[in-house]
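> Fold the following.
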Amino acid sequence: MNEIKLLMKYVKDHRLVVFVYLFSLFIFSLVFSMYDLPLESIVYSGLLCTFFGIIFTAIDFRRYRKKHLMLQTLSFQNSLEIESISDIRSLIEEDYQWLIKNLYNENQRIRSESECAQTELMDVTTLWAHQIKTPISAMRLLMQSGEYAEHEELSYELFEIEQYVEMVLGYFRINSDSTDFILKRYDLDSIVRQAIRKYAKTFIRKKIILTMGKIEMNPLTDEKWLVFVLEQILSNALKYTNEGSISIFTENNQILVIEDTGIGIQEEDLPRVFEKGFTGYNGRSDKKSTGIGLYLCKKILHKLGHEISIESKIGSGTQIRINLSSVTLTVE
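Numbers count the residues shown, from 1 in each chain. The predicted structure is shown next:
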């Protein structure tokens, strides 16, 4: 706010004082005229009062401006220092400061409780996700025995459960205060093959052809998290591709492309596919979509400094592009 606007605001805030002053001058002049006093004495008295009024107003405006700038500075700070709000000049200001302190303390209490609850939820969910891996592994061993060896469908559903558990763990890890990023140069071909191996049985089961181009990139990234992202993208591609192929290749030695010949995404859904919880038309039809996978991909890649984009057309498939040319670690 510039000085002129601030001065106008000051006058508006003190309009009652200005009105009383002008009214007093009017009464003062009226009384002088009733006693037939010389005009010079009336003007001189008015000018004298106005002079001192301007001096006192300038001093008060200076305090008003100082307090305004102080409060404006505090409003841009992440944490409020209550002790810095000083210069109380009236009972009303003291009441306001007391109210602000109470609201601030209550806000701190609620925030602290919320953080504790969030931490507790994260700990419990992480513990659950790790513990549930034990019965999943036991079930897989049982199915590999002679009695259950023929149940391929059950094995596939168990694999799906494992993926959802991994998704939960990934969600909590990436939203925690600290992440275990290890940034260095990795062989992208090796990272892509790790993700493909995990879904090899799904490719065979659905008879989806995998076409993999020559990948000669060594991006600066985090191997574990990039593998997680590629697994989520492949999972989506396989889920919505019933026949045809999935192709993985690079462009300009900078961009990794995952392209499928699946059912595609409706045009009106494309701008929102990376939003948390958004499932779109395909998700509502499938009934199994969580709306978390692509959200996690976007969030992870953003933290790693990579960019992701998506193109799709109904009936023609979907193409996801990940720009790995540069990395700037983002801390939130």
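> What is the longest helix of this protein by residue count?
helix 91-131 (DSSP state H).
> continuing past it, what's the next helix or strand?
Remark: after helix 91-131, the chain's next helix or strand is helix 133-143, criterion DSSP states H and E.
> continuing past that next one, what's the next helix or strand?
helix 152-174.
> before we move on, the earlier item: report the angle between the longest helix of the chain and helix 152-174.
Counting by axes from the mean of the first three to the mean of the last three C-alpha atoms, to 10 degrees, helix 91-131 points 150 degrees away from the direction of helix 152-174.
> who does Leu210 bridge with?
When assigned by DSSP bridges, Leu210 has beta-bridge partners Ile246.
> and it, how many residues sit next to it?
14 (other C-beta atoms under 10 Å). Bear in mind the C-beta positions are built from the backbone N, C-alpha and C, glycine included.
> Wait, it touches Ser245, no?
Yes - using C-beta atoms under 8 Å, Leu210 makes contact with Ser245 at a distance of 6.9 Å.
> counting contacts, what elements does the helix or strand that contains Tyr64 pack onto?
According to DSSP H and E, Tyr64 maps onto helix 39-75. Helix 39-75 sits against helix 3-13, helix 15-34, with contacts defined as 3 or more C-beta pairs under 8 Å, 6 or more residues apart in numbering; DSSP states H and E.
> Helix, strand or coil: sort out the residue lying farthest from the centre of the chain for me.
Centroid-distance maximum for the chain: Asp36 at 75.2 Å, with C-alpha atoms, centre = their mean. Taking DSSP: H, G, I helix; E, B strand; the rest coil as the rule, one finds Asp36 in the coil state.
> Correct me if wrong, but Gln319 is in a strand.
Yes - counting by three-state DSSP, Gln319 falls inside a strand.
> all helices for the stretch 151-300 of the chain, in order.
Here the stretch 151-300 of the chain has its helices, by DSSP state H, counting those that start in this stretch, at 152-174, 188-198, 200-206, 223-239, 280-286, 293-304.
> Go through the last one and flag the buried ones.
Using 16 or more other C-beta atoms under 10 Å as the test for burial, helix 293-304 gives 293-301, 303-304.
> Mind putting those into a markdown table with distance to Phe228 and pLDDT?
Listed next are the buried residues of helix 293-304 as a markdown table, based on distance: C-beta to C-beta, whole Å; pLDDT from 0 to 100:
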| residue | distance to Phe228 | pLDDT |
| --- | --- | --- |
| Gly293 | 10 | 85 |
| Leu294 | 13 | 90 |
| Tyr295 | 13 | 89 |
| Leu296 | 8 | 89 |
| Cys297 | 8 | 91 |
| Lys298 | 13 | 92 |
| Lys299 | 11 | 90 |
| Ile300 | 7 | 90 |
| Leu301 | 10 | 92 |
| Lys303 | 12 | 88 |
| Leu304 | 11 | 89 |
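> Identify, from those residues, the entry nearest to Lys184.
Leu304 (12.1 Å; C-beta to C-beta).
> Pretty sure the closest one sits against Phe181.
Yes - at 7.2 Å, Leu304 and Phe181 qualify as touching, with contact defined as C-beta under 8 Å.
> what about stretch 29-38, how long is it end to end?
This stretch, stretch 29-38, spans 11 Å end to end (C-alpha to C-alpha, to the nearest Å).
> In it, which residues are buried?
Applying 16+ other C-beta under 10 Å to stretch 29-38 flags 29, 32 as buried.
> contacting residues around that stretch?
Outside of stretch 29-38, the residues within contact range by C-beta atoms under 8 Å, 6 or more residues apart in numbering are 41-42, 45-46.
> what domains does the record give for this protein?
Structural domains assigned to the chain are 3-87, 180-323, following automatic domain parsing.
> re the thing from before, quick check, nearest of the buried residues of helix 293-304 to Phe51?
Lys303 (63.7 Å).
> Let me know the distance separating the closest one from Leu220.
For Lys303, the distance to Leu220 equals 14 Å [C-beta to C-beta, to the nearest Å].
> again, but for Phe28
In terms of C-beta to C-beta, Phe28 sits 79 Å off from Leu220.
> out of the two, which sits in the more crowded spot?
Remark: of Phe28 and Leu220, Leu220 carries more neighbours, 17 against 14, as counted by other C-beta under 10 Å.
> you'd agree the more buried one is up against Ile182?
No - with contact defined as C-beta under 8 Å, Leu220 does not reach Ile182; the gap is 11.0 Å.
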